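S.K.: make a model of this:
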Amino acid sequence: MKSEDKPISILVIEDSDEDYEAFMRVVKSLPRTFSIYRCEDGDTALDFLFPEENYREPTIAPCPRLILLDLNLPGTDGREVLATIRSKKELNLMPVVVFTTSFNQKDVNFCYGQGANGYILKPMGISALTDTLHTLFRYWFDFSILPELS
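M.R.: Numbers count the residues shown, from 1 in each chain. Next up is the predicted model:
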């Protein structure tokens, strides 16, 4: 199996079922195969990323190649998740793209200051979402060389 034929693991940290369903519709229409893992809040995301009890097995919680992070999450919000990811040596190189509805410049500055690799506003409409995700995934998985994570 060629490396481009292997599913690419992506962690989507998103609490909105509607946004996640739209995301999945688009991903399923793309020519590449993805393994999508979803966490609906920041606490679950941190459990996924820093395995202890529920996610100890790598088959349940593999190391994702990219994290798409919503900011406004119940419990531990996306800002705290990002800060935690960047503070831990084992994940500080993992690409994290903030994918949110917040266009507040304070959020943008905070996220880049914490080491976000990108900040994208969620587009309105399935066509715009398709274009955005296609471009995002081509950038990260066709053009970029990703770090090796242990």
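
S.K.: give the buried residues for the helix or strand encompassing Thr44.
M.R.: For Thr44, the host element (DSSP states H and E) is helix 42-49. Neighbour counts over helix 42-49 (16 or more other Cβ atoms under 10 Å) mark Gly42, Thr44, Ala45, Leu46, Asp47, Phe48, Leu49 as buried. Where you see a C-beta, it was placed from the backbone N, CA and C, and this is true even at glycine.

S.K.: what stretches of the protein score poorly on pLDDT?
M.R.: 1-5, 52-61, 150 (pLDDT under 70).

S.K.: so where do the helices sit in it?
M.R.: Using DSSP state H, the helices of the chain run over residues 17-29, 42-49, 78-87, 105-113, 126-138.

S.K.: can you list those in JSON lines and add distance to Phe99?
M.R.: JSON lines is the format used below for those (distance: least, Cβ to Cβ, whole Å):
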{"stretch": "helix 17-29", "distance to Phe99": "9"}
{"stretch": "helix 42-49", "distance to Phe99": "13"}
{"stretch": "helix 78-87", "distance to Phe99": "9"}
{"stretch": "helix 105-113", "distance to Phe99": "11"}
{"stretch": "helix 126-138", "distance to Phe99": "8"}
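
S.K.: out of those helices, which gets nearest to Lys6?
M.R.: helix 126-138 (14.4 Å; Cβ to Cβ).

S.K.: buried ones in the closest one?
M.R.: Buried-residue list, helix 126-138, by 16+ other Cβ under 10 Å: Leu129, Thr130, Thr132, Leu133, Leu136, Phe137.

S.K.: then stretch 90-108?
M.R.: Those would be Leu91, Met94, Pro95, Val96, Val97, Val98, Phe99, Thr100, Ser102, Asp107, Val108, for stretch 90-108 by 16+ other Cβ under 10 Å.
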